[in-house]
Structures are given as C-alpha cells and as structure tokens.
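Chemist: Sequence and predicted model, in that order:
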There are 2 protein chains.
Amino acid sequence: MSILAIELSINEKLFLRNPQRTALGRKILRHSVMMIDELGIEQFNFRRLAGRINSTEASVYRYFENKQLLLVYLVNWYWEWMKFRIDMRTTHIGDPREKLKVAISCIVDTAKRDAKITFIDEDVLHRIVVAEGTKAYHNKEVDAQNKDGFFISYKSLCQKIADIILENNPGFPYPRALASNLLEMANNHIYFAEHLPRLTEVNGEGDVLKQVEELLVYFAWKMLFCNNEGRLNGNAGMP
Amino acid sequence: MSILAIELSINEKLFLRNPQRTALGRKILRHSVMMIDELGIEQFNFRRLAGRINSTEASVYRYFENKQLLLVYLVNWYWEWMKFRIDMRTTHIGDPREKLKVAISCIVDTAKRDAKITFIDEDVLHRIVVAEGTKAYHNKEVDAQNKDGFFISYKSLCQKIADIILENNPGFPYPRALASNLLEMANNHIYFAEHLPRLTEVNGEGDVLKQVEELLVYFAWKMLFCNNEGRLNGNAGMP
DNA sequence: CTATTATGATAGTAAAGCTATCATTTTTGC
DNA sequence: GCAAAAATGATAGCTTTACTATCATAATAG
C-alpha cells in the first residue's frame, strides 16, 4: 500500500480544480486553513488569501467557486480524516465498549498526519471545525448541496459511530441521534469551555480535550449501559 | 400587573435606538424576522429590509449597527421568551420530574404571545433560531460581545434548566452541560429531521416537535434516573 | 407652537465577491 | 526536445454589500 492510498477523497463537486494535485492548490488549502483560523470565515476572503500566498484572486477562484464551498471542502476533509482514524484504531478491537471508547477519543482528539505528506495542519483545522464547522450546513443551500452529496462524509461518519453504539446496545432506539450528538457536543463544549464557560462544566483552564472526552464517555455510558429507574416512576420519555 | 410588564428586556448595547419603542423599530423587527427566515442571514441585508418596509437603509442603521447584532438581538429575544415561558409554566409545579418535563416541552415548542401586543412571529423566530441561532456566538467577536453581556440571557436560561436538573438529581456532575446540550440538541434535531435526516431518528414526515421532545426526555431521563451498570463493567467514564 | 427628535432622500466611499481577457509560464504527450 | 495544452499571473472591471454623511421634512413633546 503506497502512502498515496490514504489521500482523502473529497466530493469532486466541491472544487473546480482539485487542490490536492497542484502546488498552488495545496498552498490554497494550507493557508486558507490558517487564515480562517485567524480571521474567522466572515472576515476571510479570496483577495486576502491571494495576497498572502503571492498569487491572485483569479487563480484562487479557479480552484473554488467561493469561500463557503472551500469551507465545506475543509470540513469534509476533517470528517474523512476522522472516519479514517476511527477505522484505523477500532477495526482490530473486539470489545464493543472499548471500541466506543476509542471512537470517542477520535472524535475529540486530532492526531496529526505524517508531516511530510500533509499540507493541512490538523490542529488548526480542528479549531476551524469547532468554531465554524456548523456553518458548512447551516445555510439556505443545504438541501441542494445535500443532493450533490456534500454531506455524505458527515453522514457516513455518523453512521459508523451509530454502528458501534448498536454493537454496545442493540436495542438502543436513538443510535444516529446519539452519534450526531456526540460529534456536535464535542465541538460545542470545546468552544464553550473557551468562550462561554457558564454553558458547561468543562474547565477552560485544565486539559480541555481530556475533560470533553470524559464528558462524552459519561454521557454515552449513561445512555447505553443503564437500568432505567425512570421507566418505573412515571413513564415519561420511555416509549 | 399590566400587559407591558412582560415586555422582554434585551441588552441595551445590542441596539442604537430601542426598536420596541417606535413603529419603525417594530416594523424592522417584524420584517427582519420574516426576511431572515426567507433568505437566510447571509443573503439578508439592510438594503433589502429597507426596501421591503418602504424605509431607507440609513433609517435601519439608526436602530442596529449591523445585521449580526440584529441577529443577536433576535436570538436574545427568543431566549428571554423561553425563560419567561419556563418560569410561567414551572413555578407552581412541585414535582421536579414534572418540572423538567415541562421545561423540555418549552425548549422544543414555541407558544405564541398575545397577537395584539406582539410584533414578532414567534414561530418564524423559532425557525431562525433553529437555522441560524448558533451564528450569534460563533464568530471572532464572541469574547468581546460576551464581556458586553450579549449572552447573559442564554447563560441564565441554561442555568435555570441546570437548576431543575439538579432538583431531580443533586449529585449529577454535569448539570450545565446537560442543560446546554438539551437546548442545542432541540435545534439540531429539528434541523436535521428536515435537512439531513440521516443524522437523527427523528422523522421529518411526522410531528417533528413531538418526536424531538420525546428524544430529549428520553436522553434526560437516562442521564438522571439511571443505575449505571457501566460503573461495574469497566470504569471508563465514571469518575 | 417652537424645539427636539425621528425619518426620508440622496449621495458617496471602501470593500467584497465575483468575471473576463490576455500574456506568460509550466506541464504533458509525442 | 518540442509543440500543444493547461495553469498561472497581471490587470481590469463590474455589481453588490456595508456602511457614513448631509440636509430637508415630518412627527412629537414640553
């Protein structure tokens, strides 16, 4: 297996010219990640990016239609990378509970790719996903973009986690909701801990990622390995 | 108690001129809600809004600095309205479990205010919060805005729900995280059911709000009224 | 009924978000 | 190694957005 085999495959409709294949394309990816992290997606634009990489606006527009689609591209990259890591680290594990534990650790953490072949800083991309990720699908084009398969990566990532959830508790009625919730929760609580600390118990001063991982495991365990007293005292919420 | 007593108080730094106090201000609120719902926050702008209400861009700018702050204003309005409804419907309830049930119902639902005195359509505002709400705090100004108290309403809403959670289970270690998660989850799953149905078990065809309410109650009950088998088989996630 | 305040009308500026054209490199296929 | 094709750079321009300023008029409050 060559090292190129782990090149992440991204929906081709997201770009006009494949940015992974050319030096300028990789420069665009690399620096757009850094600039979106610095400026936020609203302040970021192709003119500034072109200036930074000593290229021109027109050249950037030859790769991506606009910054919104570039963001979707980057977020897809992140989802694909997470899927890949979960696969790598869980396929050899038999115990479903351990598998879920490892998956949750992948959700929160961002192992780096081989620095020699990567042109995106995964840690910085992770910060973007935490801060801007949901903007990828919170817009008026979501239905059209969904039809074009822009969110297949997210959905199959979610499905992968849902499958592990079902291995742990085959009767659990909300595997996909729990999976998507774990994914969203991870980003939210990292963000809250830093910016809106009263919305979480995760403490921004300590090791945030470790605490978020503990939080997710606590929630998932409660949901899945639980003899629910609630069923007895009042049937509310127990279908 | 006069009917004016339930006028919702919104942070004064969010506007230049109080839009609740003038006919034009109320027109701005009313129609911006409708237009943001129709166009999304990205396509919405003050020029279009001014055209729609037969006023001018300059006049709108006399009320709000920009559309981002207008969005924060509207979202604050929604949070304040939800807080008010939770108070109204839970203060007289003794049973904590029933209290939580009612709070969850308030989180998902959007009872209308008296049509005579309201100038915002709460159902439409609810759709905005579902689709655009998190953009109110996902931006580079979040820390500065948080210092100015723009998110006090959200935080105190979250605290109110966390208090009800603690009434139900005083030893629960993550009351604020669960509270914020219930709030975020409600919006997410309403949105997913409509646009990205593979991310949830909530079925977009049926009564979405009822299903989301059931989902939240199921999750909350599991978290709070649970004898956790997980503590015994493997200590993962049980601090 | 005048003094203040709110609105309208109009204009203008800087930046964002593109698109087009053509010259110049760089790459590819033979 | 060379011709054809493709990618990039340089430049220009256009439309829209996001504001700000000014002044006249309308509404209102004391």
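Modeler: Noted; the coordinates are in hand. Residues are numbered from 1 along each chain as shown, chains lettered A, B, ... in the order given.
Chemist: just checking, what packs against the helix or strand harbouring A:Leu178?
Modeler: Secondary-structure element containing A:Leu178, defined by DSSP states H and E: helix A:175-195. Contact here means 3 or more Cβ pairs under 8 Å, 6 or more residues apart in numbering or on different chains; DSSP states H and E; on that basis helix A:175-195 packs against helix A:96-108, helix A:122-132, helix A:152-168, helix A:208-224, helix B:142-147, helix B:175-195. C-betas here are computed from N, CA, C, even on glycine.
Chemist: quick one: the spatially most central residue of chain A from DNA strand D, how far?
Modeler: Nearest to the geometric centre of chain A sits A:Trp79, at 4.5 Å (Cα atoms, centre = their mean). Distance from A:Trp79 to DNA strand D, counting by Cβ to the nearest atom of the strand, to the nearest Å: 26 Å.
Chemist: for A:Ile36, what are its contacts?
Modeler: Going by Cβ atoms under 8 Å, 6 or more residues apart in numbering or on different chains, A:Ile36 touches A:44, A:71, A:74, A:128, A:132.
Chemist: Type out the ChimeraX command that picks the buried ones from the residues you listed.
Modeler: Applying 16 or more other Cβ atoms under 10 Å in any protein chain shown to the contacts of A:Ile36, the buried members can be selected in ChimeraX as follows:
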select /A:44,71,74,128,132
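Chemist: Contacts only, for the residue nearest to the centre of chain A.
Modeler: Applying Cβ under 8 Å, 6+ apart to A:Trp79 gives the contacts A:153-154, A:157.
Chemist: Now do the buried residues in stretch A:139-156.
Modeler: Buried, per 16+ other Cβ under 10 Å, within stretch A:139-156: A:139, A:142, A:145-146, A:150-151, A:153-155.
Chemist: Could you tell me the end-to-end distance of that stretch?
Modeler: 21 Å (Cα to Cα, to the nearest Å).
Chemist: ditto for stretch A:190-209
Modeler: End-to-end distance of stretch A:190-209 (Cα to Cα): 7 Å.
Chemist: Get me the contact residues on chain A for DNA strand C.
Modeler: Applying Cβ under 7 Å from any atom of the strand, one finds that chain A approaches DNA strand C through A:23, A:43, A:45-48, A:57-58, A:61, A:65-68.
Chemist: re earlier: mind checking the SS state of the residue nearest to the centre of chain A?
Modeler: helix (DSSP: H, G, I helix; E, B strand; the rest coil).
Chemist: What about the closest residue to A:Gly149 other than its chain neighbours, how many residues nearby?
Modeler: Excluding the flanking residues, the one nearest A:Gly149 by Cβ to Cβ, 6 or more residues apart in numbering or on different chains is A:Asn11, at 5.3 Å. When neighbours are counted by other Cβ atoms under 10 Å in any protein chain shown, A:Asn11 registers 17.
Chemist: Let me know the distance separating A:Asn11 from DNA strand C.
Modeler: 19 Å.
Chemist: For that residue, report the pLDDT, please.
Modeler: Per-residue confidence (pLDDT) for A:Asn11: 96.
Chemist: How about A:Ile117?
Modeler: The model's pLDDT for A:Ile117 equals 67.
Chemist: Can you pull out the low-pLDDT segments for chain A?
Modeler: Where chain A drops to pLDDT under 70, the residues are A:1-7, A:115-117, A:228-239.
Chemist: could you redo the last one with a cut-off of 50?
Modeler: Chain A contains residues with pLDDT under 50 at A:1-5, A:232-239.
Chemist: residues in it within reach of DNA strand D, list them.
Modeler: Within chain A, the positions adjacent to DNA strand D are A:17, A:22-25, A:54-59, A:62-63 by Cβ under 7 Å from any atom of the strand.
Chemist: Now, of those, which are buried?
Modeler: Neighbour counting with 16+ other Cβ under 10 Å marks A:24-25, A:55, A:59, A:63 as buried within the residues of chain A next to DNA strand D.
Chemist: I'd like those residues laid out as TSV, including secondary structure.
Modeler: Output for those, formatted as TSV (three-state DSSP):
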residue	secondary structure
A:Leu24	helix
A:Gly25	helix
A:Ser55	coil
A:Ser59	helix
A:Tyr63	coil
